[in-house]
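> Compute the structure for the input listed below.
(chains A and B)
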2 protein chains.
Amino acid sequence: MRIALDAMGGDRAPVGIVDGAYDAAREAAGRVEVVLVGKRDTIERYAAEQRLSAPNVEIVDAPEVIEMSESPATAIRRKRNSSISIAMNLHREGSVAAVVSAGNTGAVAASSLISLGRLPGIERPAIAIFMPTKNGGTVLLDGGANSDCDSRNLLQFAFMGSVYAETFFGKAKPRIGLLSIGEERSMGNELTRGAYELIERSGLNFIGNVEGRDVFAGKVDVVVTDGFVGNIVLKFTESIIYYITNLISDEVGKHAFARIGAALMKPVFRGIKRKLDYAEYGGAPLLGVNGVVIISHGKSSSRAIKNAILAAERFVAGGVNDTIREKAGGLKA
Amino acid sequence: MRIALDAMGGDRAPVGIVDGAYDAAREAAGRVEVVLVGKRDTIERYAAEQRLSAPNVEIVDAPEVIEMSESPATAIRRKRNSSISIAMNLHREGSVAAVVSAGNTGAVAASSLISLGRLPGIERPAIAIFMPTKNGGTVLLDGGANSDCDSRNLLQFAFMGSVYAETFFGKAKPRIGLLSIGEERSMGNELTRGAYELIERSGLNFIGNVEGRDVFAGKVDVVVTDGFVGNIVLKFTESIIYYITNLISDEVGKHAFARIGAALMKPVFRGIKRKLDYAEYGGAPLLGVNGVVIISHGKSSSRAIKNAILAAERFVAGGVNDTIREKAGGLKA
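Below is the predicted model:
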């Protein structure tokens, strides 16, 4: 299987990105070929410096780069030869089975829509992000592709999340929760009250409204919300973890015995870091586009990129899009 | 100064609530009289059992109780003799200077509006919640009083938050941030883009859009958002802290040396708990009502209640409502 990787996407690209490509190519040798899309000179120079080499890595030149700070819509229109656009074109032509990018999320989403289009029955694609919880994890969507949604969009997110979670967790009838502020159906805002009605009669395994504590307690496999709230929640979660870690080191510095304690607790902190680290999970699929697009964190390490490529391979093998195509017609809205 | 406390509000009321009342009365003897509003029998029996007594505590009987799970609007209409309604009436009549409640938030907000009305120029009251950050803290509003807002509401939240933060942090021109998903003014949803325009030309010290990392890094003194997003973010923050604490104890149990390490780190964990503990901060004012209403967490401990009563005393002394009354006319929207 050939998988395209946007070599220029990510805060420190190509550092980390190209390394991850070679790591994945080695780990999945015989199964995956990685197609690095980006400035050929930059990639080749970096690979030579780092002495990276693998027979199943190919480079496709893309002379333009969309920066993280650019306006997605404008950038996609103006830079037809960006690494993102060229990777998407390879996918549309069937030359690769999936695209992985840690670049400008908005540009990746816009480019996916333009190049690949949507799956039938889906009006808006959504980013499905894995969040670690007490006894495993949950998939939250939309993680930030759509900042203004209507209740039909949320119904479609619930449906796509359910299909994805079925493959991802290997679990029949995943439990769906609607992110809101209170358990009763009347709680929430106009959007969630409307979505509650629709999801309730959709035939999905809907358990009702959920709040933060339900999510972390592992009450649901899928958390449905609009991309504005989803993105805010994800960024808060990430920041709080960083904030608490910093608080701990600051406080440790103030107490002599605590420094010894912290040294003894190293395996604990390592275990927790591993559990909370996005790099372990690699990337998040953009569900609802007619193709396989995995979006990675802008701060992706080489390990995160490697895991994203392996996640793309699993996604293609899991047949999520076929199931969405097949069942979307049955969605009553 | 007389301050009414809803003795029946809170998940475990009157346990903790009545204790907090007596603690505050002792600590603020000579300055504050606490008026406990609730079922007289229940309060007297509990105070006798716990041997609580103070000359500056008074009991006012309220035969009805609004449960945490009741629909706010209905409960307020039906239960005219609830502890919340009677406390609000005491405030409207001028018999107390403030009301503190850890009860049903929606019912407290609805009852405040009915009994006290709004301050001129304010269409919707908002709950202003203190969040600890790297170098102090920030005030987030709305914490959950309004789940559907328009951009004018957010402008008014920004204004009230600014006035409150000025007194609360003793700081001129508090920095105001709008919670959104990206720095640029074009990022966010329809609501935040509209609010951005309004707050920008309001004359407030507006620094633009903020995300989780900006909040915890202490970039702003006030975070403005609608009550749906605000409430979700607060509950996520609380849950993650609880989740991480649990993760740490689970992991510690698995490693022998880590148990010793954890023992040595006790002062660190205590310091962090103190910093993150809502009980330290006590309560959140409902800004924009024509009166002083402090809403406490449903899980309030006696310390949280004591601190909420002391916060009410400071709020009255700070003259926040007078400043809002005076300056609201100048708000251009």
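
> Determine how far the last residue of stretch A:272-285 lies from the first.
25 Å (Cα to Cα, to the nearest Å).

> So it, near chain B or not?
Yes - contact between stretch A:272-285 and chain B is present through A:272, A:275-276 (criterion: Cβ under 8 Å from any Cβ of the partner chain). C-beta: built from backbone N, CA, C; applies to glycine.

> which other residues reach that stretch?
With contact meaning Cβ atoms under 8 Å, 6 or more residues apart in numbering or on different chains, stretch A:272-285 is reached by A:100, A:102, A:127-130, A:132, A:143, A:164, A:238, A:241, A:292-297, A:300-301, A:303-312, A:315, A:320, B:244, B:247-248, B:251.

> In helices, which of the residues you listed appear?
When those are checked against helices using DSSP state H, the ones located there are A:164, A:238, A:241, A:303-312, A:315, A:320, B:244, B:247-248, B:251.

> Among the residues of stretch A:272-285 next to chain B, which one sits closest to chain B?
residue A:272 (5.2 Å; Cβ to the nearest Cβ).

> which SSE is the closest one in?
Residue A:272 is part of helix A:266-276, with elements assigned from DSSP states H and E.

> rewinding a little: buried ones among the residues of stretch A:272-285 next to chain B?
Buried subset of the residues of stretch A:272-285 next to chain B (neighbour count, 16 or more other Cβ atoms under 10 Å in any protein chain shown): A:272, A:276.

> For the stretch 51-200 of chain A, which residues are neighbours of chain B?
Counting by Cβ under 8 Å from any Cβ, the residues of the stretch 51-200 of chain A that sit close to chain B are A:69, A:71, A:133-134, A:144, A:147-148, A:179-181, A:184, A:186-190, A:192.

> Do you have the strands of chain A handy? List them.
Ranges of strands within chain A are A:2-6, A:33-38, A:57-61, A:98-101, A:126-127, A:129-133, A:136-141, A:176-179, A:206-210, A:222-224, A:284-287, A:293-295, based on DSSP state E.

> Format these as CSV; extra columns: mean pLDDT and distance to residue B:117.
Supplementary listing: the strands of chain A in CSV, determined by pLDDT from 0 to 100; distance: least, Cβ to Cβ, whole Å:
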stretch, mean pLDDT, distance to residue B:117
strand A:2-6, 98, 57
strand A:33-38, 98, 62
strand A:57-61, 97, 67
strand A:98-101, 98, 54
strand A:126-127, 97, 43
strand A:129-133, 91, 42
strand A:136-141, 94, 40
strand A:176-179, 98, 33
strand A:206-210, 98, 31
strand A:222-224, 98, 38
strand A:284-287, 97, 47
strand A:293-295, 97, 49
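
> Any chance of a markdown table for these, columns mean neighbour count and distance to residue B:84?
Conversion of the strands of chain A to a markdown table gives the following (neighbours: other Cβ atoms under 10 Å in any protein chain shown; distance: least, Cβ to Cβ, whole Å):
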| stretch | mean neighbour count | distance to residue B:84 |
| --- | --- | --- |
| strand A:2-6 | 28 | 56 |
| strand A:33-38 | 26 | 62 |
| strand A:57-61 | 18 | 67 |
| strand A:98-101 | 31 | 53 |
| strand A:126-127 | 31 | 41 |
| strand A:129-133 | 21 | 35 |
| strand A:136-141 | 23 | 35 |
| strand A:176-179 | 26 | 28 |
| strand A:206-210 | 20 | 24 |
| strand A:222-224 | 30 | 33 |
| strand A:284-287 | 28 | 44 |
| strand A:293-295 | 29 | 47 |
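
> As TSV, those strands with distance to residue B:64 would be great.
Supplementary listing: the strands of chain A in TSV, determined by distance: least, Cβ to Cβ, whole Å:
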stretch	distance to residue B:64
strand A:2-6	63
strand A:33-38	68
strand A:57-61	73
strand A:98-101	59
strand A:126-127	46
strand A:129-133	39
strand A:136-141	40
strand A:176-179	33
strand A:206-210	28
strand A:222-224	37
strand A:284-287	49
strand A:293-295	53
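
> Can you show me the helices along the stretch 1-150 of chain A?
Using DSSP state H, counting those that start in this stretch, the helices of the stretch 1-150 of chain A run over residues A:17-27, A:40-49, A:72-78, A:83-92, A:105-116.

> what about residue A:217, how many neighbours?
16 (other Cβ atoms under 10 Å in any protein chain shown).

> can I assume it is in contact with residue A:134?
Yes - A contact is recorded between residue A:217 and residue A:134 when judged using Cβ atoms under 8 Å, the distance being 5.6 Å.

> Weed out the non-buried ones from the contacts of stretch A:272-285.
For the contacts of stretch A:272-285, burial is judged from neighbour counts taken by 16+ other Cβ under 10 Å, and it is met by A:100, A:102, A:127-130, A:132, A:143, A:164, A:238, A:241, A:292-297, A:300-301, A:303-312, A:315, A:320, B:244, B:247-248, B:251.

> Skipping adjacent residues, who's closest to the spatially most central residue of chain A in space?
The residue lying closest to the centre of chain A (Cα atoms, centre = their mean) is residue A:284, at 1.6 Å. In space, residue A:284 comes closest to residue A:129 once its chain neighbours are excluded; the distance is 4.4 Å by Cβ to Cβ, 6 or more residues apart in numbering or on different chains.

> Against chain B, how distant is the one you found?
When Cβ to the nearest Cβ, to the nearest Å is applied, the distance between residue A:129 and chain B equals 13 Å.

> Then residue A:66?
Look at residue A:66 and chain B: by Cβ to the nearest Cβ, they are 15 Å apart.

> Touching, that residue and residue A:75? I think so.
Yes - A contact is recorded between residue A:66 and residue A:75 when judged using Cβ under 8 Å, the distance being 4.5 Å.

> and the residue in the stretch 1-150 of chain A positioned nearest to chain B, how many residues sit next to it?
Nearest to chain B in the stretch 1-150 of chain A, going by Cβ to the nearest Cβ, is residue A:147, at a distance of 4.1 Å. Counted with other Cβ under 10 Å, the burial measure for residue A:147 works out to 24 neighbours.

> Please verify my assumption that it contacts residue A:227.
Yes - Residue A:147 sits in contact with residue A:227 when judged by Cβ under 8 Å, with a separation of 5.3 Å.

> relative to strand A:129-133, how tilted is the helix or strand bottoming out on mean pLDDT in chain A?
Taking mean pLDDT, DSSP states H and E as the measure, the helix or strand of chain A with the lowest value is helix A:266-276, at a mean of 78. Using axes from the mean of the first three to the mean of the last three Cα atoms, to 10 degrees, the interaxial angle of helix A:266-276 with respect to strand A:129-133 works out to 140 degrees.

> Helix A:266-276 to strand A:136-141, inter-axis angle?
Using the same axes, to 10 degrees, the interaxial angle of helix A:266-276 with respect to strand A:136-141 works out to 30 degrees.

> Centre of the chain to helix A:266-276, how far?
Centroid separation for helix A:266-276 versus its chain: 22 Å, with Cα atoms, centre = their mean, to the nearest Å.

> Check which residues of it are buried.
Buried-residue list, helix A:266-276, by 16+ other Cβ under 10 Å: A:268-269, A:271-272, A:276.

> which residues touch residue A:246?
For residue A:246, the contacting residues are residue B:134, taking Cβ under 8 Å, 6+ apart as the criterion.
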